[in-house]
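Student: Take this sequence and fold it.
(one chain, ligands or ions: 1)
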Amino acid sequence: MRQTLVMGNWKLNGSKSMVAELINALKAPATDTPSVAVAVCPPVLFLGQAQALLTDSNIALGAQDADIHAQGAFTGEHSPAMYSEFGVHYVLVGHSERRTLHGESDAMVAAKFAAVQQAGLVPVLCIGETLEQFEEGETRAVVERQLHEVIAHSGIDALANAVIAYEPVWAIGTGKTATPEIAQGVHAAIRAFLAEQNADVAAGVQILYGGSVKGASAAGLFAMDDIDGALVGGAALQADEFAAIIRAGA
Ligand code: 13P
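Tutor: Next up, the predicted model:
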């Protein structure tokens, strides 16, 4: 039985006061819904503050990206080993904004996935197609290629200690959520693709949906067999909306 996981990706948003307010406001909804796993991914600068605030809570901490190296002459980067010191459990890899704005290739994403796991953390592998690819009917081919690169690098068993987030690029920050039926179709295809290589891994891996998820749309998505939670952007910055998404998963 897969646990529902609701994860907030704050992207480049936040301030010290906002971090304190938001995390404090999320503690009660997270405690009230123990069946739902909750995580927040603030910007790196706020990880220390968030870690302190999250002591004695059941909210996990995540980071939004990682370098592939543990340390060295890599100006501006942050390593999975450093995240461990801040109590980070999850690390997003391959978010579409990293792929598009920072030119991250499938090979780079696969290397990041491996580096995160080697540090004992859980990678959240973000995959998804662009609007053009969606309209051309290429969704499955795109997500399978993105998954294949990781499997070729780390092996299928590595997915047993990972989370997958299907985020259609056309639904991110656009207000256009994929319908539950569209999302379910892709999630089922992802699971079937994995099952060709290992049925147990396929059955166990959490596959989150991301893209304009709101309190009002979450329950319909979570009702689908293969949707195991959400990776939330904009709505994760509003305590009420994020709390509603958490409650929808219970
Ligand atoms: P929005 O929820 O703002 O569409 O962002 C989704 C996302 O990119 C989460 O990683």
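Student: Restrict the strand or helix carrying residue 193 to CA atoms and write it as PDB.
Tutor: Secondary-structure element containing residue 193, defined by DSSP states H and E: helix 180-195. Taking Å, rounded to 0.1, in the frame of the first residue of the first chain, the C-alpha atoms of helix 180-195 are listed here in PDB:
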ATOM      1  CA  PRO A 180      -7.400  13.300 -13.200                       C
ATOM      2  CA  GLU A 181      -8.000  11.000 -16.200                       C
ATOM      3  CA  ILE A 182      -5.100  12.400 -18.200                       C
ATOM      4  CA  ALA A 183      -2.800  12.200 -15.300                       C
ATOM      5  CA  GLN A 184      -3.900   8.700 -14.300                       C
ATOM      6  CA  GLY A 185      -3.300   7.500 -17.900                       C
ATOM      7  CA  VAL A 186       0.300   8.700 -17.800                       C
ATOM      8  CA  HIS A 187       0.900   7.400 -14.200                       C
ATOM      9  CA  ALA A 188      -0.400   4.000 -15.200                       C
ATOM     10  CA  ALA A 189       1.900   4.000 -18.300                       C
ATOM     11  CA  ILE A 190       4.900   5.000 -16.100                       C
ATOM     12  CA  ARG A 191       4.100   2.100 -13.700                       C
ATOM     13  CA  ALA A 192       3.600  -0.300 -16.600                       C
ATOM     14  CA  PHE A 193       6.900   0.700 -18.100                       C
ATOM     15  CA  LEU A 194       8.700   0.100 -14.700                       C
ATOM     16  CA  ALA A 195       6.800  -3.200 -14.300                       C
END
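Student: which residues touch that helix?
Tutor: The contact list for helix 180-195, computed with Cβ atoms under 8 Å, 6 or more residues apart in numbering, reads 127, 139-140, 143-144, 147, 156, 159, 164, 166, 168, 178, 201-203, 205, 207, 209, 220-221, 223-227. All C-beta spots, glycine's among them, are computed from the backbone N, C-alpha and C.
Student: among these, which ones are buried?
Tutor: 127, 139, 143-144, 147, 156, 159, 164, 166, 168, 178, 201-202, 205, 207, 209, 221, 224, 226-227 (16 or more other Cβ atoms under 10 Å).
Student: how about the residue of the chain found nearest the ligand, what does it touch?
Tutor: Closest contact between the chain and the ligand, by Cβ to the nearest ligand atom, is at residue 233 (2.2 Å). When the contact criterion is Cβ under 8 Å, 6+ apart, the partners of residue 233 are 8-9, 11, 172-173, 210, 212.
Student: Which stretches in the chain count as helices?
Tutor: In the chain, the helices defined using DSSP state H lie at 16-32, 47-54, 80-85, 96-101, 106-118, 131-135, 139-154, 180-195, 199-204, 215-222, 239-248.
Student: any idea of the mean pLDDT in the third one?
Tutor: In this case it means helix 80-85. Average pLDDT, helix 80-85: 98.
Student: other SSEs contacting that helix?
Tutor: helix 106-118 (3 or more Cβ pairs under 8 Å, 6 or more residues apart in numbering; DSSP states H and E).
Student: Show me what the helix it packs on is packed up against.
Tutor: Packing partners of helix 106-118 (3+ Cβ pairs under 8 Å, 6+ apart): helix 80-85, strand 88-93, strand 122-127, helix 139-154.
Student: No further queries at this time; thank you.
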